[in-house]
Structures are given as C-alpha cells and as structure tokens.
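>>> sequence unknown, structure follows:
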C-alpha cells in the first residue's frame with residue numbers, strides 16, 4: 001500500500017503594518033510516499049525543517065518528503081517576525097476514502113529576523129499519524145490547509 005502526502009501550504013495572516021508584505025510558498029510541506037503495513041496501532045512520520053524524516057511503528061518512508069519553504073518579503077530590514085499556529089491533530093483527508101491521517105503538529109522556528117532587504121525564509125516541517133483503528137488506507141493524496149499567524 002502506498003500513500004502520498006502533501007500538505008497544502010499555509011494560509012498566512014499578518015498582524016501589524018499592512019504595507020507591502022508578502023508571503024510566497026516556494027515549496028509545500030510533503031510527507032513523501034509512505035507505506036503502511038499495519039494500522040492496528042498509531043504510527044507516525046516526522047519531517048523536520050532540515051528535510052530529514054523519521055517514522056515509527058508500522059509506517060515506512062518509501063520516498064522522502066520535504067519541509068515547506070515560505071518566503072517573507074517587504075517586512076523591513078532586520079526586524080523580528082513571530083509565527084504561531086493552532087494545529088493540533090488536524091485531519092488530513094482524501095476525496096476517495098473516509099479514513100484520515102492527523103497532522104499532530106507543525107515544526108518550525110517561531111521567530112525570524114529579516115535580512116537587510118526585509119526578506120526571510122521559513123522552513124516548516126511537521127508530524128502526521130495514522131488513526132491506529134485497524135482500517136486500511138487507500139492509495140492517494142491526503143491533504144489539508146493550515147493557517148499560520150504572523151506578528152511583526
């Protein structure tokens with residue numbers, strides 16, 4: 001059984017000055033191509049911002065995923081940007097299957113400092129888990145959209 005995960009990237013909300021700040025998704029968060037051999041207990045996959053991954057129990061990484069990359073521009077030179085989220089076991093769904101995976105958490109550095117041009121890149125990893133209820137997963141893409149809050 002093969003399952004490919006792609007987490008559609010963050011919808012970003014900015015607080016503070018509303019001048020010309022932009023956030024562009026350079027790369028979406030992907031958990032890669034996974035094989036689940038047994039769903040009788042919860043298994044998980046973690047992708048770190050460094051693009052390394054690890055798995056537990058009965059889920060195996062066939063093709064490694066990668067962290068999301070978000071480009072922040074127009075924030076002013078050398079200012080601190082603070083990022084937060086409210087992700088906590090958010091379901092990832094597939095149009096052809098009622099079974100869900102869960103986005104347990106996002107992994108990123110919660111503060112950035114822009115460069116002299118007012119730009120910075122945020123790399124976002126995460127952890128997903130299976131239901132552990134014994135049911136099978138269909139092949140396909142499982143995805144979700146998440147929100148990040150940006151304060152500066």
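Structure's in. What do you need? Owing to the predicted nature of the structure, the values given are computational and were not obtained by experimental measurement.
>>> for the protein, give me the ranges with low pLDDT.
When residues are selected by pLDDT under 70, those of the chain lie in 1-19.
>>> which strand residues bridge residue 113?
Here residue 113 sits in beta bridges with residue 80, going by DSSP bridges.
>>> ok, it - how many residues close by?
Under the neighbour criterion other C-beta atoms under 10 Å, residue 113 is assigned a count of 11. Every residue, glycine included, has its C-beta placed from N, CA and C.
>>> what residues does it make contact with?
With contacts taken as C-beta atoms under 8 Å, 6 or more residues apart in numbering, residue 113 has the following neighbours: 78, 79, 80, 81, 120.
>>> top of the residues you listed by number of neighbours, please.
Highest neighbour count within those: residue 81, with 21 neighbours (other C-beta under 10 Å).
>>> pretty sure that residue is touching residue 70, no?
No: counting by C-beta atoms under 8 Å, residue 70 is not a contact partner of residue 81; they are 10.8 Å apart.
>>> check the spacing between residue 31 and residue 22 real quick.
In this view, residue 31 and residue 22 are 27 Å apart by C-beta to C-beta, to the nearest Å.
>>> looking at these two, which one has more neighbours?
Just comparing residue 31 and residue 22: by other C-beta under 10 Å the higher neighbour count belongs to residue 31, 29 against 12.
>>> name the helix or strand for that one, please.
Residue 31 belongs to strand 29-36 when assigned by DSSP states H and E.
>>> in the sheet, which strands lie alongside whatever helix or strand comes next after that strand, parallel or antiparallel?
Secondary structure here is assigned by DSSP H and E; on that basis, the next helix or strand after strand 29-36 toward the C-terminus is strand 44-47. Using DSSP bridges, the neighbouring strands of strand 44-47 in the sheet come out as strand 53-56 (antiparallel), strand 120-129 (antiparallel).
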